[in-house]
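[1] only geometry, no sequence info:
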Ligand code: SF4
Ligand code: SF4
Ligand code: SF4
Ligand code: SF4
Ligand code: FES
């Protein structure tokens, strides 16, 4: 290998730029920073003396919300219970006389929930939602098992507009065949016209 | 009669030493948590007692009363043994650490060391090597992959750094001309070895931290990849013993650093014991500061540092020191 | 055999195989909607497109439409093919409604799977969706036509495969509609299969509607116990309730399908009134206590009256395990029994059929479909073993011919010859046939053209004889065997297929060392030689044909020990009642009518369903580790505990007892290892010697006369078989019971069509509406053993009724 092959355009590093030196500098900076912190006032807010308003997307106690028209949103599709990594949701689906599928009972065992939010993500109707209310502690673990009546809250929660049965193609008292969003009226099979 | 008296004195010394160590260990935890919190602009423990001063007691009660779980797939005997090995080896090392010059009680000279072995330094090494077993066996006996990986990492790391640690002290022994810790301290009555052996000191401190598995060398328990590493499966007081071992180890390191490099109990004005404690305290604070500042090394970095930097550096240092002793002024 | 390469792997398959099937053999699952192994290809959905890169066919082609040829090179992963399939999925989804969350197919939907596999996550189509109105198809199948992807599987199955016409395809273009011309209950007793074959959620299972998702079900292979065919099925349970049966493909037995009796007959297992509590004379107790009590009672009886005073009865729905333990107990302790049938005639029929079934003649249900000409003697396929009708339909579809010799007005969903012969004349006809086939045609001339039928069977490449055992006498059953043998002699291939009465009737027949039926047991009770009866899964109340005699006799017993899982009025009266587990909880083995040993797994642990524990609301809010109401034992465990001293609680001892009982059961049944489950048992080891002689003229039993009518109490598709008759679902589709008679017979006895007739037997009456059926043999009256009728007054299921016993109501 010839000499000039080794030549590069880079100028030789000054001692202050060498990696060893910058490493030392970085180390020193780090130690100085942490040392300076000793003199700063801690930023900790002491709970429960200070209770901060948590962001809406915080994941804690789970609720079941209602449609904008005030009816139960959950259609008991079992998707949340399927996705739940700790299997803490159980329910029984059933049909109401008006054609709506609903949860006859719906149970979340908060003693087991890890508040991962997967149920909310899986829910096709925006029914199940996590709320910022994390102060959910009980002495008797059975009281952490919430039934449907404990889970249902008024209003739509974080999704103010979605109404599943406006879109589903199934007949309910809300919409008939061909009356849902972007549907044409039902086909007349007896007609011969093209 | 003399033997009996000697025995009594020895027992008293052991009791005082143990009591002091355990108390110090628990408050070291408090200190670490408090200081760490402040380094990170947090508050740290502040609920149990004023400034959270009762926190160590609360922790102790908690650990003692927690359920002691032995995983069904674990090797029960070794699983139970491992934490004891860690704690006992750490405690035993203090047997040879001199706290001060002899004092006279009722006209008898009482050495301020439990036993002044003439191979004290070797004893320290022997014990710290034994400590590896606690980690490796605890990790293996848990029969959990995290614990096993932690145990293996711990064993590899401790064995690697044992070497650098030992080699870094060779110059000290060469300078002091003895393995006895008391003699080494006495040799520093004038100038502490840190001045004469800065390289040795640096290597010793780094290796010692690696030995005690502290950040930035806490790979055996790397929380974010291994759960809690070798003690993942431990709970209650067995976990507490690992914990205790770690904090006793910090004190041992502080004491050894003081003994080998900072002149042991030597110092002006204050009584010798206080000096020693002060030095231990300073070392501990620095270690906490390091923990509060540095991130964990990668595994290859850890190994490279040990084998490619520290060991060669200490070997060179030995040669240079030897040359100085042979031809030089010291 | 052509050899082709699929995805760089070579495979050789028989000529005529489709590429899609060849790929399947390699474990490559090409997407498909319209292709179904039982229904064949139509190329309607276009989703099975693959690329043919080399060889006789080139380009993107439908793998379900192309027969394999030598040298084909196929790529299923070719970019163009994958892209094609992706687009097909998107087209099929254009009009698909937004209703997966409320669709019961979701979770096991082929369309859902392929949509995900095709990476079609977001709808790009912005147009309006085409919609359809739904129809009410009855209590079994839910219709949601919007979800259709026009694969035509349903209409092909319904019309071509089963031969029913009331569901099919209508409309043109994008308006194609699958349904009935008007809403109404589906006529086919195979309609439940629509829910299995529809690849989307157009037809979903109505009884389990919204009950849960497939992934939540406990699903295990099980067997149908509702007739002797032993169709394979997958049973699903949820929250300790059996919720669904699906066909489990077994190409030897039921193919890919089930009949509705089998599919919906499971309700008895989770019925709210299922007995779950052990009782002694109506007083509840723990199973262990009651078992001890029963055991002591047996001991006392044996000490006092000798071992023969203990009789054992079971039915042909019990598992092989139960039968084996009973057989062993009877042999070891010298007890009487086991009686496995109600009447002596049934016992003899069962045994004759099993003994006549020679290994070289036995065919499976699937092999029946390959038969070319089938003669059915004394069996009503649709009513006695519905899936048999489906097999016969396949015979007819493939150009074969079916002739039925039966006095009933047999109906089948296809064209067949029906000889409505009076039962007493059937033996002679079969004998004449045998003679014709053997060539010594001395056939007595009858109104039926025996000679032609014999010639037809003789000319057939693969004739089969199917014979029922319910209404016949043992002589005809043996003659059917002779007929098959005669055919075999001239053909070398001929099939013989008996339809038995009960899921495990074959095994039950193997337990019969002497002729013991409930009838004989009652005789012995009446003469005082039997003092204690252990009835195991034997619903005497419903099945014994003389209820009054039964009640009287049972009262004479010192003790009656009953083990069962169905509710019966007897349960509260018996001395010891021990609840047992149905097949879904115990699992076990059953031998179907052709001698096939089949296994069923336990599906769930059992226990009160949450409807019972929680009402319609949530389950109770308690922590407990044991399932309430799950204390029942499998019948064989309870029996082991009854017969062995130390087996009361120790499962290992019970299992040891079972092992030895199974080993001793019968040389033909090897449950250890040599014989994998699902294979036919070693019919060679079944004694064929016990068959009664068929030499000489056939004795005429129950001869027709103008003064009497022969009453046959028969099976119907729905409503007669004990277990399925408890299904509330099937109750909605079952026909109401009537007495069928030939119009001439109705007239000659002064009865009126549509009006009730009252039949009196010793001051007991049975009243049923009369219905004329011109297809029937004259002189015969057919009444179903329907759960709505108190038919248990006759003492037999084939009896002569005199003119004086018949009373036209109001006449
Ligand atoms: S937050 Fe996570 S753990 Fe909790 S119920 Fe939802 S899916 Fe389950
Ligand atoms: S995913 Fe949503 S709609 Fe479905 S069951 Fe859960 S809460 Fe109900
Ligand atoms: S209803 Fe189902 S089976 Fe019938 S054509 Fe449509 S998708 Fe296919
Ligand atoms: S044919 Fe018989 S065995 Fe098969 S499903 Fe129907 S009832 Fe069950
Ligand atoms: S499966 Fe081949 S076209 Fe439908």
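    Cool, the structure landed. Owing to the predicted nature of the structure, the values given are computational and were not obtained by experimental measurement. Ligands and ions are numbered 1, 2, ... in the order given.
[2] CA only for contacts and neighbour counts going forward, please
    Will do.
[3] give me the outermost residue of chain C relative to its centroid.
    Ranking residues of chain C by C-alpha distance from their mean position (C-alpha atoms, centre = their mean) puts residue C:126 at the top, at 49.1 Å.
[4] give me the distance between that one and residue C:145.
    With the distance defined as C-alpha to C-alpha, to the nearest Å, residue C:126 ends up 21 Å from residue C:145.
[5] before we move on, the earlier item: my read is the residue farthest from the centre of chain C is in a helix, agree?
    No. Using DSSP: H, G, I helix; E, B strand; the rest coil, the assignment for residue C:126 is coil, not a helix.
[6] from chain B, how far out is it?
    47 Å (C-alpha to the nearest C-alpha, to the nearest Å).
[7] can you map out the strands along the stretch 451-600 of chain C?
    Counting by DSSP state E, counting those that start in this stretch, the stretch 451-600 of chain C forms strands over residues C:463-468, C:495-499, C:532-536, C:559-564, C:576-579, C:588-591, C:597-600, given from the N-terminal end onward.
[8] ok, residue C:529 - contacts?
    When contacts are counted by C-alpha atoms under 8 Å, 6 or more residues apart in numbering or on different chains, residue C:529 is found next to C:305, C:308, C:309.
[9] okay, who's weakest in those by pLDDT?
    Lowest-confidence member of the contacts of residue C:529: residue C:308, scoring 90 (pLDDT).
[10] just give the nearest non-adjacent residue to residue C:544, would you?
    With sequence-adjacent residues excluded and distances taken as C-alpha to C-alpha, 6 or more residues apart in numbering or on different chains, residue C:544 is closest to residue C:342, at 5.6 Å.
[11] my guess is that neighbour contacts residue C:546, does it?
    No. Counting by C-alpha atoms under 8 Å, residue C:342 stays clear of residue C:546, with 9.8 Å between them.
[12] those two - which one has more neighbours?
    When neighbours are counted by other C-alpha atoms under 10 Å in any protein chain shown, residue C:342 and residue C:546 differ, and residue C:342 comes out ahead with 27 against 21.
[13] state the pLDDT value of the more buried one.
    The pLDDT attached to residue C:342 in the predicted structure is 93.
[14] check which helix or strand covers it.
    Using DSSP states H and E, residue C:342 sits in no helix or strand.
[15] picking that back up, of all the strands of the stretch 451-600 of chain C, which lies closest to residue A:81?
    Comparing the strands of the stretch 451-600 of chain C against residue A:81 with C-alpha to C-alpha, the closest turns out to be strand C:597-600 (29.4 Å).
[16] give me the helices and strands touching the closest one, please.
    Contacts defined by 3 or more C-alpha pairs under 8 Å, 6 or more residues apart in numbering or on different chains; DSSP states H and E place strand C:597-600 against strand C:218-223, strand C:588-591.
[17] would you map the strands across chain A?
    A:60-64, A:89-95, A:101-109, A:128-131, A:145-146, A:183-186 (DSSP state E).
[18] would TSV of the ones you listed with distance to ligand 2, mean pLDDT and mean neighbour count be doable?
    Written out in TSV, the entries for those read as follows (distance: least, C-alpha to the nearest ligand atom, whole Å; pLDDT from 0 to 100; neighbours: other C-alpha atoms under 10 Å in any protein chain shown):
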stretch	distance to ligand 2	mean pLDDT	mean neighbour count
strand A:60-64	7	95	22
strand A:89-95	8	95	21
strand A:101-109	7	95	21
strand A:128-131	4	96	23
strand A:145-146	14	95	18
strand A:183-186	22	93	17
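[19] please name whichever of the ones you listed is nearest to residue C:611.
    In terms of C-alpha to C-alpha, the element of the strands of chain A nearest to residue C:611 is strand A:89-95, at 10.5 Å.
[20] paired strands for that closest one, with orientation please.
    When pairs are called by DSSP bridges, strand A:89-95 turns out to pair with strand A:101-109 (antiparallel).
[21] report the contact partners of the residue nearest to residue C:544.
    Under the criterion of C-alpha under 8 Å, 6+ apart, the contact list for residue C:342 reads C:517, C:518, C:519, C:543, C:544, C:545.
[22] you'd agree residue C:214 is up against residue C:109?
    No. Residue C:214 is beyond contact range of residue C:109, at 9.8 Å (criterion: C-alpha under 8 Å).
[23] for residue B:277, grab the count of nearby residues.
    For residue B:277, the tally of surrounding residues (other C-alpha under 10 Å) stands at 18.
[24] quick one, what contacts it?
    For residue B:277, the contacting residues are residue B:255, by C-alpha under 8 Å, 6+ apart.
[25] and the next element down the chain from the one helix or strand it maps to?
    Residue B:277 is part of helix B:272-293 when elements are defined by DSSP H and E. Next in sequence after helix B:272-293, counting helices and strands by DSSP H and E, comes helix B:299-304.
[26] buried stuff in stretch C:85-98?
    By neighbour count, and taking 16 or more other C-alpha atoms under 10 Å in any protein chain shown as the criterion, the buried residues in stretch C:85-98 are C:85-90, C:92-98.
[27] of those residues, closest to ligand 2?
    Within the set of the buried residues of stretch C:85-98, residue C:98 lies nearest ligand 2; the separation is 13.3 Å, counting by C-alpha to the nearest ligand atom.
[28] how about the contacts made by that closest one?
    With contact taken as C-alpha under 8 Å, 6+ apart, residue C:98 is in contact with A:167, A:168, A:169.
[29] adding neighbour count, distance to ligand 2 and pLDDT, write those out as CSV.
    Output for the contacts of residue C:98, formatted as CSV (neighbours: other C-alpha atoms under 10 Å in any protein chain shown; distance: C-alpha to the nearest ligand atom, whole Å; pLDDT from 0 to 100):
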residue, neighbour count, distance to ligand 2, pLDDT
A:167, 17, 14, 92
A:168, 21, 12, 91
A:169, 29, 16, 90
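[30] pick the one among those residues closest to residue C:497.
    Nearest to residue C:497 among the contacts of residue C:98: residue A:169, at 48.9 Å, using C-alpha to C-alpha.
[31] that closest one and ligand 4: what is the separation?
    When C-alpha to the nearest ligand atom, to the nearest Å is the yardstick, residue A:169 and ligand 4 sit 34 Å from each other.
[32] sec struct for whichever residue of the stretch 501-650 of chain C sits closest to ligand 3, please.
    Among the residues of the stretch 501-650 of chain C, residue C:603 lies closest to ligand 3, at 28.6 Å counting by C-alpha to the nearest ligand atom. Using three-state DSSP as the criterion, the local structure at residue C:603 reads coil.
[33] contacts only, for it.
    Shown here is residue C:603, whose contacts under the criterion C-alpha under 8 Å, 6+ apart are C:218, C:219, C:220, C:221, C:222, C:235, C:236, C:237, C:584, C:585, C:587.
[34] quick check: closest non-adjacent residue to residue 171.
    As the question left the chain open, I've gone with chain A. Leaving aside its sequence neighbours, residue A:171 sits nearest to residue A:177 (C-alpha to C-alpha, 6+ apart; 5.8 Å).
[35] other chain: chain B
    residue B:318 (5.6 Å).
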